[in-house]
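A.B. asks: 3D model of this:
(chains A and B)
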Amino acid sequence: MAKKMSHVKDYAYGYGMIAPLTIGLGVFYLYPVAKVFWDSFHEVGAFNQRRWTGLDNYVKMFKDPIMWRSLWNTCKYVLVIVPVMIILALVLASLLNTRIKGRSFFRVIYFIPAITMSAAISMIWKWMYNSDYGIINSILSALGFEKMQFLTNPDIALYCICVVSIWSSIGYNMIILLAGIQGISKSYYEAAAIDGATGVQQFFNITLPLVTPTLFFVMITSLISTFQMFDAIYMLVSKKGLAMEATQSMVVYFYRNAFDYSKKGYASALAVLLFFIIMLITAFQMKMQNKWVNYE
Amino acid sequence: MNSKKFMALCLTGIMACGMLASVNAFADDAEISGEVRYAFWDVAQQPYLDACIEEFNKLYPDVKITLEPNTWDDYWTKLEAAATGGSMADVFWMNGPNIAKYARGGILMPVTDLIEKYGLDTANYPEGLVNLYNIDGVQYALPKDFDTIGLWYNKAMFDEAGLEYPTDDWTWEDMTEAAKALTKDGVYGISAGYETQSGIYNTIYAAGGYIISDDKTSSGYDLEATQAGIQCWIDLMEAGVSPSQASLEETTHNTQLLNGQIAMSFEGSWFLAQVVDSDIKDDLDCVELPSLNGKKATVIHGLGNCIYAGTENPEAAQAWVAFLADETANRISAEMGAAIPALAGTAQAWVDAHPEYNLKSYVTSSEEYSYPYPASVNTAEWNQYESDNLKNVFALQTDVKTGCDNLAAQMNEVLANEQ
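C.D. replies: Predicted coordinates:
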């Protein structure tokens, strides 16, 4: 009996310890997720007035050309940002793992964007991109090039936003990859050096294969966060902006439906679609990982 | 001129009597107590509100007014969330595009009782504004201030080009000619970018069109007259006398005017605060909007103070709203240059506060040819369609007729859903 009581105590203790996180998760994640699913079958207007509409939102969504355009924009962000960012982060991480001068200084420099508010980063880039006063255009015109309208030209605005996003996320991923690289046993490198392998050969034959578990983690997280891209676009392109349609991601289109057009039900359906897209892609990656990820 | 001054004096006298009467009403309930949270979005008006609170607390020492400043960008998102969640400020700023939505949503307490209790008279406020806040026959707010649109210009640039300054009698053609003469060496004559309140809304009315029908059931954008009120801007754009839509998106017209990049711009009366703070304040002045085919028009808008239907201190909230609608608060607003006060007779003090500018033009236009700000229940929604379509028209990528017809169809759909 006494033993049983102590078991109960143990359980209570355990649940008590995880309660703050579990409750937070429930209130701020699980409940809203369930609510979004529920709302996607309704027409939800101002002040939560709602009406059941069944699958109407979904039917409308698949016929909505702006949704398809936003989805395609989102794919473009993913296709540009994720590979470029990962390659750059990996190169930087391996460079910063060598004995170069001012190594800690560079590590700090590259990590600073990761700890800066993304709104502040966007404001500064917006200023740099400005076609009349921006520093980039000042340099371009000093070099004899024509001034460019980076954020209002629909053809290039999306790539300009990619630059900002890559720049601001590179430091965080670099630090994670650096930790992965430092976890690789030194003996591999020593053996390779004795056999006469060059630095580049060591990178491709030792570092790259053995950092794949970390690389896998970085890829999954950056894919998910890029699919959910919002703040850089929201800050850099104004709602009335000429490049809005050409740059808006699924989440921006979701936000505009929910808060500008007062169509929260339709916005919820968009969120559900994005949820399933991300889930499928992540599941696919999990399945594919044994093809290329090496766990020691 | 003299007779006008005399009139103003008379009006002030009448108002003073009115003030005495209402001060009595205020003194009757000095024992009211409680806290009133007051939400607003223009931080520039905080000094005016601080001054109002000081005066208000002389009458009601036990009422605590807590200011809740916001930025314009998230004011409406936050307000709607607060209204949905039931944690709304007791008194808050309201505007024309949103009043019907909040009134129909049951969020607002009518102000009919307090008008009676404090002896206020809606006839003392601009009719267009009182009607703006009258939804389904119920008054939900008293106008706090009003704004109209005028033409600001840079005198130094006119001098340099050897041109005469604009006058209150200017026509659209006069303005176009001047804009052409002023455009050179990388500076432009005027900003002709896509703007609603300080742009097309004025010219649409002047051209004889409308944005929304009186019964709020149909869009006016498919009318020829309405499209003519947009075409006049596109003509300026095509003539190359304005920075491009893209340039104006990145650096707004008011900033470009203050930087000396453009010589003329349509600006609302709220622009005054930026003018007096600017480096070129001595070079700027304003006139009435030019007439279009002999007709003048300005859109008039003004904020209202609304009370939350679920407030815990309705009496204190009512006293605060009544105080803001009355003489003292309107005078403070005028003298501090916060905004043109809505109460009849107090606008002159706003004009007199800056005799170096032709501010009278804003008051004249409000009295003689102002049109109410177009709004329906889901204004914000069709406003979004307006910018989605018209920004491409102003970027010269779509012609006026195609853009406007498309907009009219989308707007009519929104309006049909309101019924």
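A.B. asks: where's the residue nearest to A:Tyr234 when sequence neighbours are not counted, which helix or strand?
C.D. replies: Nearest non-adjacent residue to A:Tyr234, counting by CB to CB, 6 or more residues apart in numbering or on different chains: A:Val252, 6.1 Å away. To be clear about C-beta, it is placed using only N, CA and C from the backbone, and glycine gets the same treatment. If you go by DSSP states H and E, A:Val252 is part of helix A:250-255.
A.B. asks: list the helices and strands the helix or strand following that helix packs on?
C.D. replies: Moving toward the C-terminus from helix A:250-255, the next helix or strand (DSSP H and E) is helix A:264-292. Here helix A:264-292 touches helix A:31-39, strand A:42-44, helix A:56-62, helix A:65-96, helix A:212-227, helix A:250-255, going by 3 or more CB pairs under 8 Å, 6 or more residues apart in numbering or on different chains; DSSP states H and E.
A.B. asks: hmm, the third one touching chain B?
C.D. replies: No: looking at helix A:56-62 against chain B by CB under 8 Å from any CB of the partner chain, there are no contacts, and the closest approach is 12.5 Å.
A.B. asks: swap in the longest one?
C.D. replies: No: applying CB under 8 Å from any CB, one finds helix A:65-96 separated from chain B by no less than 9.3 Å.
A.B. asks: the helix or strand following that helix versus helix A:65-96: what angle between them?
C.D. replies: Next along the chain after helix A:65-96, taking DSSP H and E as the criterion, comes helix A:103-111. Interaxial angle, helix A:103-111 versus helix A:65-96 (axes from the mean of the first three to the mean of the last three CA atoms, to 10 degrees): 180 degrees.
A.B. asks: off-centre distance for helix A:103-111?
C.D. replies: 22 Å (CA atoms, centre = their mean, to the nearest Å).
A.B. asks: cool, and stretch B:112-129?
C.D. replies: For stretch B:112-129, the distance to the chain centre is 19 Å (CA atoms, centre = their mean).
A.B. asks: what about that stretch, start to end distance?
C.D. replies: 16 Å (CA to CA, to the nearest Å).
A.B. asks: right, and the residue nearest to A:Tyr234 touches A:Phe230 too?
C.D. replies: Yes: assessed by CB atoms under 8 Å, A:Val252 is found in contact with A:Phe230 at 5.9 Å.
A.B. asks: ok, the two, which is more surrounded?
C.D. replies: Neighbours of A:Val252 and A:Phe230, each counted by other CB atoms under 10 Å in any protein chain shown, are more numerous for A:Val252; the result is 22 against 16.
A.B. asks: which SS class is B:Gly209?
C.D. replies: Using DSSP: H, G, I helix; E, B strand; the rest coil, the structure places B:Gly209 in coil.
A.B. asks: okay, residue 145: pLDDT?
C.D. replies: No chain in the question, so chain A it is. On the pLDDT scale, A:Phe145 is placed at 89.
A.B. asks: not what I meant, chain B
C.D. replies: Per-residue pLDDT puts B:Asp145 at 92.
A.B. asks: under the pLDDT cut-off, which ranges of chain A? List them.
C.D. replies: A:1-5, A:296 (pLDDT under 70).
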